[in-house]
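Trainee: Kindly return the folded structure for what I paste below:
(chains A and B)
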Amino acid sequence: MSVEAREARQPWILLAPALSAVTLLLFVPLVFIVVYSFWLRSATGADLPGFHLDNWREALTDRFYRDILISTLRIAAITTLVCALMGYPAAYFIARSRGNKMILLLLLMLPFWISYIIRTMSWINILGVSGALNTLLLGIGVISEPLNMLYNEATVILGLVHFLLPFMVLNVFVSLDGIDTNLEDAANSLGATRWQAFLQVTLPLSLPGLAAGGLLCFVLGAGTYITPLVLGGPRDAMFANLVFEAIITQLNWPLGSALSLMLLVVLGVLVMIYNRYLGMAQLMKGLG
Amino acid sequence: MRWGWQAIRLWTVLVYGFMFLPVAVVVLLSFNASQFGAFPMTGFSLRWFVELAQNDAIMRAFRTSIVLGLLTAAISTTLGVLASLALVRYRVPGANAISTLLIAPILVPEVVLAVALLLFLNFLGLHKSFALLLFGHVIFTLPFVILVVQARLIAIRRDVEEAAMSLGASPVQAFFQITLPLMLPAVLAGALFAFTISFDDITGTLFWKPGGVETVPTQIFAMLRNSISPEINALGTVMIVMTVGLPLLGAAIARHLARKSGT
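Mentor: Numbering: from 1, shown residues only, chains lettered A, B, ... in the order given. Predicted coordinates for the structure are as follows:
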């Protein structure tokens, strides 16, 4: 074999283990659940292979599933909006501050290392009947009975915002940090007020970061089932909770396959629209 | 405009407070002497940590999580480093498409990945087990390892290797004596990342774990079903120390290594 041929083969040998892992543990299983979603659940023993539309009919026409899908998308949208409103000014501050930038960034990365389940359950300590807020309000005499603040849709959104905010701040920061501050100064010297310069120069240039952060918040938020289980009430189930119920509790794997694929398609369409207009590169910048 | 800047500064302080206050409360309450996992603070005590250490279920969960995390890190880092080397060091046709394929596990919602893997491997005869858990953790930590390692590999200049070879080193010698030591911080960072993600995971783990096996996060989740106990706060504190302390330690080691190798 020639040297060139060996050179050309080497990267594929290096790539082979990772590529086979992704193929066997992700792509083939995804194709498999497409097939599985057409099988029938049998009351006894193994599910029946075949081509039945029953699961899809149930998943697509049952009002119950549609309502939860819509409320899941609503919760994810509100979460994303709140993350943007809270995160943008903070990212702007970090990007434009002098001196303590590194410490602020390090602090921002810290939540990524703190367990998701701990961060989620920490709100029970704050908002619970004997939590910090009730103790404080009782102590200063504003209320005489502890308030029930937990286990509703608002606390689910609160938990999601707390979980996802760092993704937003980081992505907006990355794009703000890449903007030449001379541009704003130039706008100022041409007669724009600081506010005008921000609105017409900086904000448009930072939109890719905002979009990348928004996509991450939305997709990760819409795919969660732990937060509603920990911070939500019985009626605050999100779509991923339905998947979990079908697979783990009811052991209805064909229906569970159909429901997971629905979630994948809805969120996949969003990712594809994003990719079409902005490309994946911006997203990788924020992750890497 | 100074006024505007001050407003942004205040907002940022509030945002940081929002992110860290609840976690600080967990740590604070874990030292509370009171019977209940709640306010008021009645005194400083380590009793909840002592009870943690004596709780068999929790210690088992810790062992499971640590073994799982270490195996995940070992496998995922090996696969990830090899793939990153190929992508950074060679001109591979379709490199962009391959990158996207390798990143795919984080583009698919974790719930969907969890269902697909569970059902497929079950079909092949591999039921819920530690092995399934390990496969699952490897596949969704792999993209993070590749992103981290690739980013750092790009920074290592190839000339150093070529210089070694021009001075008579064989390609294998050059790799083990030059490239690998230079790569070590990147490899460690990847492994650490994989370990922490595996150690923290609950979304996929709840689908894959066999009955009776708990990792630390699923153990916490199961305990939350009853009520919030001071033990959960103590367990939370231990997890925070582990998952925040380890990367900081790792960063310190990486810096030390980097200084030693003189780059």
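Trainee: quick one, what contacts the residue lying closest to A:Ser71 once chain neighbours are set aside?
Mentor: Among residues not flanking A:Ser71 along the chain, A:Met238 sits closest, at 7.4 Å (Cβ to Cβ, 6 or more residues apart in numbering or on different chains). Heads up, the C-betas are built off the backbone N, CA and C, glycines and all. A:Met238 sits next to A:Ile68, A:Ser71, A:Thr72, A:Ile75, A:Val156, A:Ala222, A:Thr224, A:Tyr225, A:Thr227, A:Pro228, A:Gly232 when contact means Cβ atoms under 8 Å, 6 or more residues apart in numbering or on different chains.
Trainee: Ok, A:Val201 next?
Mentor: Per Cβ under 8 Å, 6+ apart, neighbours of A:Val201: A:Leu183, A:Glu184, A:Ala187, A:Ala192.
Trainee: how far away is the third one from chain B?
Mentor: What that stands for is A:Ala187. Here A:Ala187 is placed at a distance of 13 Å from chain B (Cβ to the nearest Cβ, to the nearest Å).
Trainee: Now do the SS call for that residue.
Mentor: Here A:Ala187 is helix, with the state taken from DSSP: H, G, I helix; E, B strand; the rest coil.
Trainee: before we move on, the earlier item: which of the contacts of A:Val201 count as buried?
Mentor: By neighbour count, with 16 or more other Cβ atoms under 10 Å in any protein chain shown, these hold A:Glu184, A:Ala187, A:Ala192 as buried.
Trainee: which element is the first one on?
Mentor: When elements are defined using DSSP states H and E, A:Glu184 is found to belong to helix A:181-189.
Trainee: Same check on the last one?
Mentor: Secondary structure assignment for A:Ala192, by DSSP H and E: no helix or strand.
Trainee: wait, doesn't it sit right on A:Thr202?
Mentor: No - using Cβ atoms under 8 Å as the test, A:Ala192 is too far from A:Thr202 to be in contact (11.0 Å).
Trainee: before we move on, back to that, next, the residue nearest to A:Ser71: phi, psi?
Mentor: Main-chain torsions, A:Met238, degrees, to the nearest 10: phi -110, psi 180.
Trainee: same check, this time on B:Phe44
Mentor: For B:Phe44, the backbone dihedrals are phi -90, psi 130 (criterion: degrees, to the nearest 10).
Trainee: ok, now which ones touch the closest residue to it other than its chain neighbours?
Mentor: Nearest residue to B:Phe44, sequence neighbours excluded (Cβ to Cβ, 6+ apart): B:Phe31, at 5.4 Å. Residues near B:Phe31 by Cβ under 8 Å, 6+ apart: B:Phe44, B:Ser45, B:Leu46, B:Trp48.
Trainee: Please work out how many residues are found near the second one.
Mentor: Yep, that's B:Ser45 we're talking about. Other residues near B:Ser45 number 15, with proximity taken as other Cβ atoms under 10 Å in any protein chain shown.
Trainee: repeat for the third one
Mentor: Neighbourhood size, B:Leu46 [other Cβ under 10 Å]: 11.
Trainee: now, among the buried ones among the contacts of A:Val201, which is nearest to B:Ala53?
Mentor: Ranked by distance to B:Ala53 (Cβ to Cβ), those are led by A:Glu184 at 55.8 Å.
Trainee: Would you reformat the contacts of A:Val201 as TSV and include pLDDT?
Mentor: Output for the contacts of A:Val201, formatted as TSV (pLDDT from 0 to 100):
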residue	pLDDT
A:Leu183	87
A:Glu184	84
A:Ala187	88
A:Ala192	86
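Trainee: Closest to A:Pro49 out of these?
Mentor: Among the contacts of A:Val201, A:Leu183 lies closest to A:Pro49 (Cβ to Cβ), at 61.4 Å.
Trainee: What residue, apart from its backbone neighbours, is nearest the closest one spatially?
Mentor: Leaving aside its chain neighbours, A:Leu183 sits nearest to A:Val201 (5.3 Å; criterion: Cβ to Cβ, 6+ apart).
Trainee: does that neighbour sit in a helix, a strand or a coil?
Mentor: For A:Val201, the assignment made with three-state DSSP gives helix.
Trainee: ok, it to B:His256 distance?
Mentor: As judged by Cβ to Cβ, to the nearest Å, A:Val201 and B:His256 stand 43 Å apart.
Trainee: what about the residue nearest in space to the middle of chain B, is that helix, strand or coil?
Mentor: Computing the C-alpha centroid of chain B and ranking residues by Cα atoms, centre = their mean puts B:Thr196 first, at 2.1 Å. Following three-state DSSP, B:Thr196 is assigned to helix.
Trainee: thought it was touching B:Gly245?
Mentor: No - in this structure B:Thr196 lies outside contact range of B:Gly245 using Cβ under 8 Å: 10.6 Å.
Trainee: quick check: longest helix of the chain.
Mentor: As the question left the chain open, I've gone with chain A. helix A:63-96 (DSSP state H).
Trainee: Chain B, not that one
Mentor: Longest helix of chain B, by residue count under DSSP H: helix B:56-89.
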